[in-house]
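In: Sequence and predicted model, in that order:
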Amino acid sequence: MKITRKDFLRLSGLGLLALAGKKAVRAVGERSFASSSPPKKRVRWGMAIDLQKCRQKDGCDRCIKACHSTHNVPQFADRAHEIKWIWKEPFKNVFPAAQTGYTREFFGDLPVLLLCNHCDDPPCQDVCPVDATWKRDNGVVTIDFHRCIGCRYCMAACPYGARSFNWQDPRPAIAMVNPDFPTRTRGVVEKCNFCEERLARGQGPACAESCEEKAIVSGDLEKPDSEVRQVLRSRFAVQRKPELGTGPSVYYIV
Amino acid sequence: MSDRPLILAGLTLFVGLVTTPIWHGALDRKTALTAPPIKLPAQEKQCVAPTSYMRSSHMRLLEDWRNEAVRDGQRQFVAFNGKTYDKNPTRTCVTACHTDRKEFCGRCHDYAGVSDPDCWNCHNDSHQASRSAP
Amino acid sequence: MFMFERALTGSRKYWLWVASLLFVVLAGSLCYVLQLTHGLAVTGLSRDVSWGLYIAQFTFFVGVAASAVIVVLPYYLHNYQQFVRLTLLGELLAVTAVTMCMLFIFVDLGQPSRIFNIVLHPQLKSVMFWDMIALGGYLLMNAVIAVVTLTAQREQVPVPGWIKPVIILSIPWAISIHTVTAFLYSGLPGRSYWLTAILAPRFLASAFASGPALLILLCLALRKLTGFDAGWEAIQKLAVIVAYALAINIFLILAEVFTAFYSGIPEHEEAFRYLFVGFNGDYHLVPWMWLSALLSWVALTLLLVPKWRNNIRLLAVACAAIFVSIWLDKGLGLIVGGFTPSPLGAVTRYVPTLPESTIVLGIWAVGALMITVFYKTTLSVWEEN
């Protein structure tokens, strides 16, 4: 059989395709086997924020400062390029459905503390094409900054506006770098990590720790006798947009 | 067949360009065959893995640490000698031992022609006085 | 197999056209280098409106790519012989459009060097993964079909038998690429403007109007520039299909408007308000959206009256109107409207910057260049026969 140049090119092309296909199939296979680990006891970190205590001191931003300096969150003056892990918004924007014309009068402009809700069923995890954001075994929704390709699909998927994108190099906008925590690179998405790195060392979230009014209580929502569960048992608390079925782990005591 | 000289010239040029790294390295006598002197930590004598392994595969180790700590939440590393380390290059490696990035990492990277890896874009070496170069 | 050398001979005018396209590609590339060094901060995107022109163009051109099915289906399934030439032109347009889509996705990435993570760490739950499969498969299929068909035509032999199943498969596949692209948006909680089951049908209707409209415009241009005639009957048939698709698209948009405003649910109304009457004091998209609506109605009127549709000038005007109208609706309103107001009720104005627009123009020029080379090659093969 005589092989022409054309045949040779065709055959080598097909061979390469087959090789690539084999690799892809293997990669998918490995992934699905790797994830079948034995069932663990469920842990779900969550938070209850007492809004009344939170607004006791006018204009207090201790928790915001604590979080942002711990995690090297850059401060950009331009609102468009803003990066924030924890911040405040007026009640009327946070709970647009939970107000009649009269409660609005009183509550409407009061500040509400916002952060990632660490959803039980996070839409951001479902949409990420590269598995760069996912819910950990302890309920914390994490981002892998080495993996993220910066497509920003998760920002479109998050119904809470919790995610920020590094439109530019964040380093110059960080006043004091905390050497214990990495800064981020340009072109990746970031958000609150529930102080995952502190939890691993047995500490609580930096925001909760910094609050003098003890307005933020964190703990394991799956443990009936945890402090956060006790608080939620005794006080009326709401979640943001529970009707979306995402199951936020951050509760607000109004 | 009148194209023969043209084809041969083209081929020569192609081969020449493709092999640039080889003959460039051979001509450029700046690169010595001996390993570059690197500044070793003063107080610590033992690394998390044998020197030969670290020399050839530290990037693999760093990536394994990263994957296991970030993705699987396994943060403890049991070394070959039984000692346990935190899988945290900032705390375990850079702050504790290899405090001078230029004298330790840089020397070897320069020698091997590895242009500055972007690790330090995010992982801080700000405990160091000389934080000028990115 | 390789026939592109045929695109290397041409008149002065032809080379001038190619050179000017290359110049735009170069300008776009330089702006991309700027974006690469400074980050996406050089665009008009923001924390609230985090997708813009790039993703909008991607969505629009997936539609153009899918619309090849409008000429492929009648020819191969119903043996409608008038479309014999349009079919190949349509497939080549699809190849071009999908390539442009991939480029638009690529320039939108914050970390383009990590693009292979999509293959290395695929996440099967992500619609974006499936969109990649759909688009890649569609590109491959159409490229193979086009090359095989054209080769057969050059050799004046019938097409090989194995290509038939590929062509048949490309028909549902075309529907799938735009459906999956719609699912990118319509499955997200909390984005009310996108969260509608008729988004995929709307995408298909607008695609089947805008894509063939572009194909008609290209045929008219070829007729004027090269004297090539795709067949007046074929073009008229295509114009009728465009008219129906456009009518369905208008109907679907009106159905959306009814649901939003009659139910009166604020979050369903807000995006429509923002786009068509202004919201929270921001009106900058209002004139564009009304222009889009106006152009759609004008085009529909021109296409529905046979006398006007048969007039080559008016037909060209109608097709251009459709293209601009749907470009504005899908290439601008859809994405910005989905992000406005933000989940926290903020209205952030999005205006594309100069580098961003130049990159978009650069990708358009790549598309124009591809179409030029493809059509030039094809026409030269046809002229030979």
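Out: Okay, I see it.

In: Can you say which helix or strand has residue 56 in it?
Out: You didn't say which chain, so I picked chain A. For A:Gln56, there is no helix or strand it lies in under DSSP states H and E.

In: I was thinking of chain C, sorry if that wasn't clear
Out: Assigned by DSSP H and E, C:Ala56 falls in helix C:53-66.

In: Then C:Val317?
Out: If you go by DSSP H and E, C:Val317 is part of helix C:312-328.

In: Could I get the average pLDDT for the helix or strand A:Arg26 falls within?
Out: Using DSSP H and E, A:Arg26 maps to helix A:5-34. Averaging pLDDT along helix A:5-34 gives 75.

In: Is there proximity between the very next helix or strand once past it and chain B?
Out: Per DSSP H and E, the first helix or strand lying C-terminal to helix A:5-34 is strand A:45-50. No. Applying CB under 8 Å from any CB of the partner chain, one finds strand A:45-50 separated from chain B by no less than 12.6 Å. Every residue, glycine included, has its C-beta placed from N, CA and C.

In: so after strand A:45-50, what's the next helix or strand?
Out: With DSSP H and E, the next secondary element past strand A:45-50 is helix A:51-54.

In: got the buried residues for that next one?
Out: A:Leu51, A:Lys53, A:Cys54 (16 or more other CB atoms under 10 Å in any protein chain shown).

In: mind putting these in JSON lines, distance to chain C and pLDDT included?
Out: Listed next are those as JSON lines, based on distance: CB to the nearest CB, whole Å; pLDDT from 0 to 100:
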{"residue": "A:Leu51", "distance to chain C": "16", "pLDDT": "93"}
{"residue": "A:Lys53", "distance to chain C": "22", "pLDDT": "93"}
{"residue": "A:Cys54", "distance to chain C": "17", "pLDDT": "93"}
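
In: between the residues you listed, which is nearest C:Ser176?
Out: A:Leu51 (47.5 Å; CB to CB).

In: The closest one contacts A:Tyr251, doesn't it?
Out: No. Contact criterion CB atoms under 8 Å: A:Leu51 and A:Tyr251 do not qualify, at 10.6 Å.

In: Where do the strands of chain B begin and end?
Out: B:76-78, B:84-86 (DSSP state E).

In: C:Arg47: which of these is closest?
Out: strand B:84-86 (34.1 Å).

In: now the lowest-mean-pLDDT helix or strand in chain B, how far from the chain's geometric center?
Out: Least confident element among the helices and strands of chain B, by mean pLDDT, DSSP states H and E: helix B:20-27 (a mean of 81). Here helix B:20-27 is found 21 Å from its chain centre; the criterion is CA atoms, centre = their mean, to the nearest Å.

In: Please find the angle between the direction vectors of the helix holding C:Ala56 and helix C:312-328.
Out: In terms of direction (axes from the mean of the first three to the mean of the last three CA atoms, to 10 degrees), helix C:53-66 departs from helix C:312-328 by 130 degrees.

In: Would helix C:53-66 count as contacting chain A?
Out: No. Contact between helix C:53-66 and chain A is absent, the nearest approach being 8.7 Å (criterion: CB under 8 Å from any CB).

In: and stretch A:107-125, which residues are buried?
Out: A:107, A:110-120, A:122-125.

In: ok, now stretch C:250-258?
Out: In stretch C:250-258, counting by 16+ other CB under 10 Å, buried: C:Ile250, C:Leu252, C:Ile253, C:Glu256.

In: my read: A:Glu196 touches A:Val140, true?
Out: Yes. Counting by CB under 8 Å, A:Glu196 does reach A:Val140; the two are 5.2 Å apart.

In: returning to that earlier point: determine the set of other helices and strands touching the helix holding C:Ala56.
Out: helix C:84-108, helix C:127-155, helix C:163-186, helix C:199-226, helix C:312-328, helix C:334-339, helix C:354-384 (3 or more CB pairs under 8 Å, 6 or more residues apart in numbering or on different chains; DSSP states H and E).

In: how about the CA coordinates for that helix, as CSV?
Out: Output of helix C:53-66 as CSV, limited to C-alpha atoms (Å, rounded to 0.1, in the frame of the first residue of the first chain):
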residue,chain,number,x,y,z
LEU,C,53,-19.5,43.8,24.6
TYR,C,54,-17.3,40.7,24.3
ILE,C,55,-19.9,38.3,25.7
ALA,C,56,-22.7,40.1,23.9
GLN,C,57,-20.8,39.7,20.5
PHE,C,58,-20.2,36.1,21.4
THR,C,59,-23.9,35.5,21.9
PHE,C,60,-24.9,37.3,18.7
PHE,C,61,-22.4,35.4,16.5
VAL,C,62,-23.5,32.0,18.0
GLY,C,63,-26.8,33.0,16.4
VAL,C,64,-25.2,33.8,13.1
ALA,C,65,-23.4,30.4,13.2
ALA,C,66,-26.6,28.5,14.1
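
In: relative to helix C:199-226, how tilted is the next helix or strand after that helix?
Out: For helix C:53-66, the succeeding helix or strand toward the C-terminus, using DSSP H and E, is helix C:69-77. Here helix C:69-77 points in a direction 80 degrees away from that of helix C:199-226 (the same axes, to 10 degrees).

In: So A:Lys84 lies in a helix, does it not?
Out: No. Per DSSP: H, G, I helix; E, B strand; the rest coil, A:Lys84 lies outside any helix segment and is coil.

In: residues in contact with the spatially closest residue to it that is not a sequence neighbour?
Out: In space, and not counting its chain neighbours, A:Lys84 is closest to A:Ser164: 6.0 Å by CB to CB, 6 or more residues apart in numbering or on different chains. The neighbours of A:Ser164, taking CB atoms under 8 Å, 6 or more residues apart in numbering or on different chains as the test, are A:Glu82, A:Ile83, A:Lys84, A:Trp85, A:Val189, A:Glu190, A:Lys191, C:Arg47.

In: Now with 7 Å, please.
Out: The contact partners of A:Ser164, taken as CB atoms under 7 Å, 6 or more residues apart in numbering or on different chains, are A:Glu82, A:Ile83, A:Lys84, A:Glu190, A:Lys191, C:Arg47.

In: what's the burial count for residue 19?
Out: If you meant another chain, say so; for now it's chain A. A:Leu19 sits with 10 neighbouring residues when counted by other CB atoms under 10 Å in any protein chain shown.

In: Chain C is the one I meant
Out: C:Ala19: 9 neighbours (other CB under 10 Å).

In: Also the one 5 residues further on?
Out: Close neighbours of C:Val24, defined as other CB under 10 Å, add up to 18.

In: Does the helix or strand containing it pack against any helices or strands, and if so which?
Out: Assessed by DSSP H and E, C:Val24 sits inside helix C:12-38. The elements that helix C:12-38 packs onto, with contact taken as 3 or more CB pairs under 7 Å, 6 or more residues apart in numbering or on different chains; DSSP states H and E, are helix C:354-384.

In: Show me what the helix it packs on packs onto, helices and strands only.
Out: helix C:12-38, helix C:53-66, helix C:84-108, helix C:127-155.

In: mind listing the strands for the stretch 151-254 of chain A?
Out: For the stretch 151-254 of chain A, applying DSSP state E, counting those that start in this stretch gives strands covering A:164-165, A:189-190, A:216-220, A:237-238, A:250-253.

In: Quick one, which of those gets closest to C:Ala299.
Out: strand A:164-165 (37.7 Å).

In: looking only at pLDDT, what's the mean for the closest one?
Out: So the average pLDDT for strand A:164-165 ends up being 97.

In: Describe which strands that strand pairs with in its sheet and in which direction.
Out: Strand pairing for strand A:164-165, using DSSP bridges, gives strand A:189-190 (antiparallel).

In: who touches the partner strand?
Out: Taking CB under 7 Å, 6+ apart as the rule, strand A:189-190 contacts A:Ile83, A:Ile143, A:Cys148, A:Gly150, A:Arg152, A:Cys154, A:Met155, A:Arg163, A:Ser164, A:Phe165, A:Asn166, A:Arg184.
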